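Student: Structure for the following, please:
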Amino acid sequence: MQPCSSNRLLYTLRILFKRQDSLKAIGRYCFATSSSDVDSTPTVTAAHPLRGVRILDMTRIISGPYCTMVLADMGAEVIKIERPFYGGDEARKWGPPFLAESKDATYFLAVNRNKKSVAIDLKRGKEIIYELANKCDVLVENYVPGKLAKYGLDYEQLRKVAPQLIYCSMTGYGSVGAYAKRPGYDVIASSMAGLLHITGERDGPPCKVGVAVTDIATGLYAHGAILAALLQRERTGVGQKIDVNLLSTGVSLLINVATNYLNAGVEAHRWGTAHSSIVPYQSFKTADGYLTLGTGSDEQFKELCKLLQITHIAEDAKFKNNRDRVTNRQELVALLASILAEKSSKSWMQQFEGASFPVGPVNNIREVFEDEHLQAIGLVKTLKHPKDGSVKVVGPPVVYSESRNDARTAPPCMGQHTDEVLTQLLGYSVEHIAELRYKKVIE
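Tutor: Numbers count the residues shown, from 1 in each chain. Take a look at the predicted model:
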């Protein structure tokens, strides 16, 4: 039902007052994010490598948002489309813990910095998506195959209105095959890809990695594919579709486990922290924790034995080379375990200082972020948040010598930039935006 003219006027006036408050808030937020107390502000004057690239982000949860966040760190303008009236990206509800004021889960913070949030109903707001796509270089989505086609937002439809568009679809199992229509989550795809089968203690049950590694790796594959497609478009002027899926990513992560089976018929087993082909290469219990070390060469093994004052072991025929150490794994590991259990992890790290072989303690998360080296490289960034004061995130791990790659703005509140994007990018009037909001096309 359409509102009468007087009701429409009153509704528009309410939106105007609301928008005025929003613009003031945005102004305060922009001022805050440019102030000197935001430690993520880079001191270099170089430009971002993706400056000028605009991305329409129609992803949720982890894999897609991780991909677009990496691109946003490089300077791309990322417009995150969220479902209005239902809380937006599902990850906002993946708590506890939650932020005190915005009520967003801290999970959401991990993969959504440097983005603008625009709340549009995909069914009612299809034409808005068309207009935005025509203004963008890249569209990234991670819906089940066929879902967006129902709204006329699949690649075949969008390429007609935006032929320049690079359209990246991220799915659980790809766009073809028996599983194409299945929803895909990290741990399910990891199970089917064999990753859970090879993770965990030798005689224990299957185990997942402590983070969504298949989601993250899929996001990284997608971000690399998008960069390559942007480069190709510079040569051809034509966009294209990219398909990335969790299952294929998970299988690709099998690396040597896959080639062992494909070429030698060797079935894989769980090894805990140990390595199937290198000994020693695992975690050992110390007097107060665990220490992980590995010797990738016979020379490194000799040095380990020297530092442990068991030089005769390095000359023993059972352990002289890696092939023999793998064959006699149990005996050698038991010997090393008995020695390493005698001192604390800190004591061993002091004793191994300067060694050619890699070694490090198994840190808990508190120890990770209190580590003096991590603090020295400034990986953790503090960002001003429009509702919660400030939030902390782990910044990008890649550093350029001639470009910027940084965490600049906090993950957005739901629909924070709806009016801004529709006004500045598409030229919508205040009245038009008010009408769209009244009709529940946007939030």
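Student: where's Val391 relative to Asn112, distance?
Tutor: Distance of Val391 to Asn112, given as C-beta to C-beta, to the nearest Å: 11 Å. Glycine gets a C-beta too; all of them are placed from N, C-alpha and C.
Student: Can you check which residues contact both of those two?
Tutor: Contact criterion C-beta atoms under 8 Å, 6 or more residues apart in numbering; residues shared by Val391 and Asn112: Pro411.
Student: So which of the two has more stuff around it?
Tutor: Between Val391 and Asn112, counting by other C-beta atoms under 10 Å, Asn112 is the more crowded of the two (26 against 19).
Student: May I have the phi/psi pair for the nearest residue to Glu201 once chain neighbours are set aside?
Tutor: Leaving aside its chain neighbours, Glu201 sits nearest to Gly272 (4.5 Å; criterion: C-beta to C-beta, 6 or more residues apart in numbering). Phi and psi for Gly272, reported as degrees, to the nearest 10, are phi 60, psi -130.
Student: distance of the residue nearest the centre of the chain from Ile81?
Tutor: The residue lying closest to the centre of the chain (C-alpha atoms, centre = their mean) is Tyr66, at 3.1 Å. From Tyr66 across to Ile81, the span is 16 Å (C-beta to C-beta).
Student: likewise Ala110?
Tutor: Going from Ala110 to Ile81 by C-beta to C-beta gives 19 Å.
Student: which one of the two has more residues nearby?
Tutor: Between Ala110 and Ile81, Ile81 has the larger neighbour count (other C-beta under 10 Å), namely 28 against 19.
Student: just checking, that one is part of a strand?
Tutor: Yes - using DSSP: H, G, I helix; E, B strand; the rest coil, the assignment for Ile81 is a strand.
Student: I'd guessed it sits against Lys116; true?
Tutor: No - proximity of Ile81 to Lys116 does not meet the contact threshold set by C-beta atoms under 8 Å, at 9.9 Å.
Student: The nearest residue to Ile198 once chain neighbours are set aside: what's it in contact with?
Tutor: Once flanking residues are discounted, Ile198 sits nearest to Ala268: 4.8 Å by C-beta to C-beta, 6+ apart. Under the criterion of C-beta under 8 Å, 6+ apart, the neighbours of Ala268 are Gly194, His197, Ile198, Leu254, Val257, Asn260, Tyr261, Ser276.
Student: which residues touch the nearest residue to the second one once chain neighbours are set aside?
Tutor: In space, not counting the residues next to it along the chain, His197 is nearest to Pro206; the distance is 5.6 Å by C-beta to C-beta, 6+ apart. For Pro206, the contact set (C-beta under 8 Å, 6+ apart) comprises Ser191, Leu196, His197, Thr199, Gly200, Arg270.
Student: Closest one of the residues you listed to Ala314?
Tutor: If you rank the contacts of Pro206 by distance to Ala314 using C-beta to C-beta, Arg270 comes first, at 28.9 Å.
Student: Tally up the residues packed near the nearest residue to that closest one once chain neighbours are set aside, please.
Tutor: Nearest non-adjacent residue to Arg270, counting by C-beta to C-beta, 6+ apart: Gly200, 4.6 Å away. For Gly200, the neighbour count with other C-beta under 10 Å is 15.
Student: Verify the stated contact: Gly200 with Cys207.
Tutor: Yes - assessed by C-beta under 8 Å, Gly200 is found in contact with Cys207 at 3.4 Å.
Student: Mind listing the shared neighbours of those two?
Tutor: What both Gly200 and Cys207 touch, as defined by C-beta under 8 Å, 6+ apart, is the set Arg270.
Student: picking up where we left off before, mind listing what the residue nearest to Glu201 touches?
Tutor: Gly272 neighbours (C-beta under 8 Å, 6+ apart): Gly200, Glu201, Arg202, Gly204, Gln282, Ser283.
Student: Only whichever of the contacts of Pro206 are buried, select them in PyMOL.
Tutor: One line in PyMOL is enough to select the buried ones among the contacts of Pro206; burial here means 16 or more other C-beta atoms under 10 Å:
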select buried, resi 191+196+197+199+270
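Student: I'd like the contacts of Pro206 as CSV, with secondary structure and distance to Ala434 appended.
Tutor: Putting the contacts of Pro206 into CSV (DSSP: H, G, I helix; E, B strand; the rest coil; distance: C-beta to C-beta, whole Å) gives the following:
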residue, secondary structure, distance to Ala434
Ser191, helix, 48
Leu196, coil, 51
His197, coil, 55
Thr199, coil, 53
Gly200, coil, 56
Arg270, coil, 59
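Student: Among the contacts of Pro206, pick out the one closest to Gly237, please.
Tutor: Of the contacts of Pro206, the one sitting nearest to Gly237 (C-beta to C-beta) turns out to be Ser191, at 42.2 Å.
Student: Can you read off the pLDDT for that closest one?
Tutor: Note on Ser191: pLDDT of 98.
Student: ok, and the closest non-adjacent residue to it?
Tutor: Using C-beta to C-beta, 6+ apart, the closest residue to Ser191 is Pro206 (7.4 Å).
Student: domain assignment for this protein?
Tutor: As assigned by automatic domain parsing, the chain contains the domains 5-251+378-438, 281-370.
Student: So which of these is the most surrounded?
Tutor: Mean neighbours per residue, mean count of other C-beta atoms under 10 Å, is largest over the domains of the chain for domain 5-251+378-438, with a mean of 18.
Student: would Ile55 count as being in a strand?
Tutor: Yes - according to three-state DSSP, the state of Ile55 is that of a strand.
Student: measure it to Leu139 for me?
Tutor: Distance of Ile55 to Leu139, computed by C-beta to C-beta: 7 Å.
Student: now swap in Gly395 and tell me
Tutor: 26 Å.
Student: Now do the shared contacts for Ile81 and Lys116.
Tutor: Common neighbours of Ile81 and Lys116 (C-beta under 8 Å, 6+ apart) do not exist.
Student: how about the helices in the stretch 201-350 of the chain?
Tutor: Taking DSSP state H, counting those that start in this stretch as the test, the helices found in the stretch 201-350 of the chain are 213-236, 246-252, 255-264, 298-307, 311-315, 322-327, 329-340, 345-351.
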